[in-house]
Each structure stands twice: as C-alpha cells, then as structure tokens.
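S.K.: fold the following and give me the result.
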Amino acid sequence: MTTVDAVVVGAGHNGLVAANLLADAGWDVLVCEAADAPGGAVRSAEITAPGFVSDVFSAFYPLGAASPVLRELDLGRHGLRWCHAPAVLAHVTPDDRCAVLSRDVDTTAGGLDAWASGDGDAWRALVAQWRHIRDPLLETVLRPFPPVRAGARLLRELGTADALRFARMLVQPVTRFARETFTGDGAALLLGGNALHTDLGPDEAGSAVFGWLLSMLGQDVGFPVPEGGAGRLTDALVSRATARGVTVDCGRPVRRVLVAGGRAVGVRDADGVAVRARRAVLADVAAPILYRDLVGEEHLPSRFVADLDRFQWDAATVKIDWALDGPVPWTAEGARGAGTVHLGVGVDGLRGYAADLAAGRVPREPFVLFGQMTTADPTRSPAGTESAWAYTHVPRDLGWTADDVRAHTDLVEAAVERNAPGFRDLVRARSIAGPADMQRRNPSLVDGAVNAGTAAIHQQLVFRPVPGTARADTPVDRLFLAGASAHPGGAVHGGPGANAARAALAASGPAGPLYRTLVHAVHRRIHPPGPA
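M.R.: Down below sits the predicted model:
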C-alpha cells in the first residue's frame, strides 16, 4: 500500500493549486486524475482541424489574472504567459448596435457616451470605486471564510455609508443596478451580458455583483488567455507541483474515499489499489459526486444528506468550436478586435432568454458567448485564420439528443451569421458538444454545468454547497472539498483549492486537535445526528 501525506482527487486547476500549496509546506502529495491528462475544465486541444487550438471548456480568465491565489504561485516562472485581444468584450445586438469594453477606461467611457451622454462619467465613477477596493475585495472573496482581516480592510476602505450601499448592490438584479446607474443601453448590455456568464438571469437577485465584477475585471486586467491554449495554465501548475515533488497520476480514477472512525484515511482507485493518506484527502470534484459516489451516504449525517438533495446545479451548456478560414466578418466594427463577443439578443432579449431557461424552455433566441481565440492569441491557428468557439446555456433534464444539439448549434450559427454575413462560408471544421458530451469529457461538469452549482444567493457563502460553514472542511474528519462546488465557487481563480489546502494544513498543524474539535462541534450543530 502506498502512503502519502495527502491524496488530492482530481487534477483540475483547484486540485493542482491545493497540491502546490501542500507541497510548499513540505507534504508528500499524490494527485489522482481519472482522465488521461490533467486540467479538468482548463484544457486545450486540436479538436476541429490540424493547427487550430481550441480550449475544450473554459477560455478567458479575468479572475485568473487578478487572483491573489494564482499570483502567489508565480506561474510565469513555469511558462504561463497571458495574451490579450485589442478589445476586451463587445456586445452586438441583433440590429447591429455594439457596446465595447476596453482596458482603456476613456475608450470604454467614450463608447458609452455615444449610447447616452453622461454614461461615460458614471462608468468612470464605478472604475474609481473598483480601483479603491480591488485588493481587499478580491482577498475577501477568494480567501477562507470568514474573511476577517480582508473584510475589515474592505469596510475601512468603503466606510459605513458606502459599505451599506455596496452591500445593496451585491444583492440587486443587474437590470435594476444598470437602470439606477446609467441612462443608455450600452452599459446595461455590458453588465447584463457579463452577469449571464453565470446561470443568473438579469432580473434575479445577486446578478448585479457578477455583472459588475466581470466588467470591472475586464476594465482592469482584461479577459486574458494563456498563450498557446488554456492547457498552458495547467502545464504551469503541473510543472510547479512536480518540481516540488508532487506526483500527478493521470488515468487513475478514484472509486472510493476510505473512511474509518469518521475520518478520511485514504482512497481506493478503480483497480482496487488503496492509497493511505496520513494527513488529508482533498477532493476537486463536484460536491454531489464526492459525497454520494466517493464517500457514501452511510458516512454522512442524515441532515447533511437531506440538504444535499436540495443542491441545485447551474444550467446545462451547448458548446461549439470552429476552425475558420478567416476572421469573423462582423458588420459591427467594434466586434472585430474583441476577444469575447456577446450576441444574439439585446437588453430585453437577455431577460427573455433567462425567462425561457427558468421555465425549462429551449430559448428561441439564445444569448451567445463567442470567443475569437486567434484574435486574442495569434498562436492559436495559422496566419489569416481564426480559432473560435461559442457556448450558450440550455435547460437541464431535457434528454438532449445529438439531433437536438445539432439543431441548437444551427440556431447559434444563425445568430452569428446575422451579425457576420458570410460566417458559415468560413467554417473549415467544427466540433459540437452538448450537455452529455460535456459530462463525458469531464464528469464534474454534470450536464455541462460549468460552475459546479448555481450562483444564486441561496447557494453562496454559508449555503455552498449546502448550509454549513462556507469552509472546505466536511462532516468527515480530514476530508476537504477543493472543487468549485465549495466557496467561493466557479471560475478559474484557485480559491476553492487554496482554501482546502489551508484547511488541511490547519487541521494538521500545532493547533490541529483544537481546530478539528471546533470544526466537528460546528458540523454537529448544523447537521445533528438522527433523522433529517
């Protein structure tokens, strides 16, 4: 039997972040990954045509570029290079109006003034506030909960009056926030489209903070991509980890977390081989998969299992990758240099799209997120061509067949063609992935749920993934949830992995017995034994 200090289940970016931090502390770490290659949802490959690099799942990483977690790992020393498109984001309406987000604040503001006089100054005011609170806010959001020091610093920077108003914005619908702050539709398109990178509709509580956060990050660090493909971010994490002695074992799925006396003591792989963990097991997998499939409900409090029954996934996804023989022929000039393009609907259409999803209907007018990867990173395809992708959310549990996915792909391509006549003529090859395909490629993306659980406020902070402490600790001693189902949630920033590593280190440190006693006592109060 192999024995290590810690086993990390899953070599997604969060699992690799956790492995790096444990190795920095001198731990002997084994990472077990079911797929043949590491990366989870941060991978790239030639899936359309030779010479065209596609990001298989995620692509643009504003939170990754801004994340203090990833910054502290100094991944540039291991080959990570960020690339930027000339413009960050463009939202093109069906009638070909275009709002553009640039890393230059005056350019963004000037474009918004063209939609409505005075909106440029309102945008500058938002950016000024962002710059004032940026660092303590990111520390508050991404570090372990409760964020005592960072939260106190954020409150000091805001002051009582502005803190109350900021808190109000955090729970607002993005449509209301945009209406209170701006006059024209330009800013509403940028904010509303960015909010829909989650599964929240523009009229849902809590959507404002996501629209605001992504917009401010775009203004600040852009929507950068790793030079050479998303997989280069994974390569850098693996390179750093292995240089510190971490073993990353791919093609080795874990079938069971071994529990004895209420404590995680190791794992058993698909071949029946057991690995003993002296100190911790960390799991970079979706919460329902960890608790039901790998741990087993018999090791969990019944109240916890009942809460898990209420876990809500985010929307399903259809994703298309294209190899194009030339740049996308947008008729809106502002879209031509943007790395990310939102299209298919205007302000009212965003609401209709979200309403269809909420009602379980397939949207007739999909909101499309479109990526121009060669525009952002010329290494992605031969000169004069474009490697592009798009995704759109669709209702879950509709039993999507291959024909259904192809029909929805046609709808997406029609939306692109409307704003870029001749687009279809440029398609050299394409690759289509429906909800089931996404899950086959990465089992944690259940039906293409790219955020590992809804971003709605009833499943954030102390409610993520179930009512609890918002920490990586679980009801099983020495078992830590390190994936995006844990606080602070989805996106590529490394927060869940780093928080799990810190919790594991605390549980094994000098004050470890006291730490674990307190965690166990809190869990017993929240999830008492006995019937749910």
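S.K.: now do Ile133 against Thr140, distance only.
M.R.: 9 Å (C-beta to C-beta, to the nearest Å). Placement of C-beta: from N, CA and C, glycine included.
S.K.: what is in contact with those two at once?
M.R.: Leu154 (C-beta atoms under 8 Å, 6 or more residues apart in numbering).
S.K.: check contacts around Ser485.
M.R.: Neighbouring residues of Ser485 by C-beta under 8 Å, 6+ apart: 286-288, 290, 311, 452-453, 464-465, 496.
S.K.: change it to 6 Å
M.R.: 286-287, 452-453, 465 (C-beta atoms under 6 Å, 6 or more residues apart in numbering).
S.K.: ditto for Leu16
M.R.: 237, 241.
S.K.: so it is in which element?
M.R.: helix 13-24 (DSSP states H and E).
S.K.: same question, Ala208
M.R.: helix 207-221.
S.K.: what residues sit buried inside the helix holding Leu16?
M.R.: 13-23 (16 or more other C-beta atoms under 10 Å).
S.K.: helix, strand or coil for the closest residue to Leu479 other than its chain neighbours?
M.R.: Nearest in space to Leu479, with sequence neighbours left out and distances taken as C-beta to C-beta, 6 or more residues apart in numbering, is Ala264 at 3.8 Å. Assigned with DSSP: H, G, I helix; E, B strand; the rest coil, Ala264 falls in the strand class.
S.K.: spit out the contact partners of Ala264.
M.R.: Neighbouring residues of Ala264 by C-beta under 6 Å, 6+ apart: 257, 281, 476, 478-479.
S.K.: what do you get for His487?
M.R.: Applying C-beta under 6 Å, 6+ apart to His487 gives the contacts 145, 464, 470.
S.K.: run the last query once more with 7 Å
M.R.: 145, 461, 464, 470 (C-beta atoms under 7 Å, 6 or more residues apart in numbering).
S.K.: which SS class is the nearest residue in space to it that is not next to it in sequence?
M.R.: Spatial nearest neighbour of His487, chain neighbours left out: Ala470 (4.4 Å); criterion: C-beta to C-beta, 6+ apart. Three-state assignment for Ala470 (three-state DSSP): coil.
S.K.: gap between Ala470 and Asp356?
M.R.: 32 Å.
S.K.: low-confidence stretches in the stretch 401-532 of the chain?
M.R.: Regions of the stretch 401-532 of the chain meeting the criterion pLDDT under 70 cover residues 530-532.
S.K.: one more: the chain?
M.R.: 530-532.
S.K.: could you chop it up by domain?
M.R.: Per the record, the chain has its domains at 2-34+251-312+452-526, 83-225+315-441, by automatic domain parsing.
S.K.: will you turn those domains into a markdown table that also has distance to Thr242?
M.R.: Shown next, in a markdown table, are those (distance: least, C-beta to C-beta, whole Å):
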| stretch | distance to Thr242 |
| --- | --- |
| domain 2-34+251-312+452-526 | 9 |
| domain 83-225+315-441 | 24 |
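S.K.: any idea which of those gets closest to Asp235?
M.R.: Ranking those by proximity to Asp235 (C-beta to C-beta) places domain 2-34+251-312+452-526 first, at 10.2 Å.
S.K.: start and end of the closest one, how far apart?
M.R.: End-to-end distance of domain 2-34+251-312+452-526: 35 Å, with C-alpha to C-alpha, to the nearest Å as the criterion.
S.K.: thinking again about what came up before, what about the contacts of Ala264, which are in strands?
M.R.: Taking DSSP state E, the ones among the contacts of Ala264 that sit in strands are 257, 281, 479.
S.K.: nearest to Ala6, of those?
M.R.: Ranked by distance to Ala6 (C-beta to C-beta), the ones in strands among the contacts of Ala264 are led by Val281 at 7.0 Å.
S.K.: bridging residues for the closest one?
M.R.: Counting by DSSP bridges, Val281 is bridged to Val7, Leu479.
S.K.: correct me, but it touches Val267?
M.R.: Yes - proximity of Val281 to Val267 meets the contact threshold set by C-beta atoms under 7 Å, at 6.3 Å.
S.K.: looking at these two, which is more packed in?
M.R.: The neighbour count for Val281 versus Val267, taken as other C-beta atoms under 10 Å, is higher for Val281 (29 against 24).
S.K.: show me the contacts for that one.
M.R.: Contacts of Val281 (C-beta under 7 Å, 6+ apart): 7, 9, 257, 264, 266-267, 478-479.
S.K.: rebuild these as a markdown table, extending it with distance to Gly186.
M.R.: Compiled in a markdown table, those are given as follows (distance: C-beta to C-beta, whole Å):
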| residue | distance to Gly186 |
| --- | --- |
| Val7 | 50 |
| Val9 | 45 |
| Val257 | 50 |
| Ala264 | 51 |
| Gly266 | 55 |
| Val267 | 51 |
| Arg478 | 51 |
| Leu479 | 48 |
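S.K.: from those, which is closest to Gln219?
M.R.: Of the contacts of Val281, the one sitting nearest to Gln219 (C-beta to C-beta) turns out to be Val9, at 37.0 Å.
S.K.: nearest spatial neighbour of the closest one, skipping sequence neighbours?
M.R.: Ala283 (4.4 Å).
S.K.: any idea how many residues pack against the closest residue to Ala402 other than its chain neighbours?
M.R.: Closest residue in space to Ala402, ignoring its immediate chain neighbours: Gly434 at 7.2 Å, by C-beta to C-beta, 6+ apart. Gly434 has 24 neighbouring residues, counting by other C-beta under 10 Å.
S.K.: apart from its chain neighbours, what residue comes closest to Gly186?
M.R.: Trp115 (3.3 Å).
S.K.: correction: Val221
M.R.: Val221 sits nearest to Ala65 (C-beta to C-beta, 6+ apart), 4.3 Å away.
S.K.: so that neighbour: helix, strand or coil?
M.R.: helix.
S.K.: identify the residues contacting it.
M.R.: Applying C-beta under 7 Å, 6+ apart to Ala65 gives the contacts 82, 221, 224.
S.K.: just to revisit the earlier point, skip ahead from the helix holding Leu16 and say which helix or strand is next.
M.R.: Next element after helix 13-24 (DSSP H and E): strand 29-33.
S.K.: quickly run through the sheet partners of the helix or strand following that next one, with directions.
M.R.: Going down the chain from strand 29-33, the next helix or strand is strand 44-45, by DSSP H and E. Here strand 44-45 is paired, per DSSP bridges, with strand 54-55 (antiparallel).
S.K.: phi and psi next, for the closest residue to Ala163 other than its chain neighbours.
M.R.: Leaving aside its chain neighbours, Ala163 sits nearest to Leu155 (5.5 Å; criterion: C-beta to C-beta, 6+ apart). Dihedral pair for Leu155: phi -60, psi -40, per degrees, to the nearest 10.
S.K.: thank you kindly, that will do.
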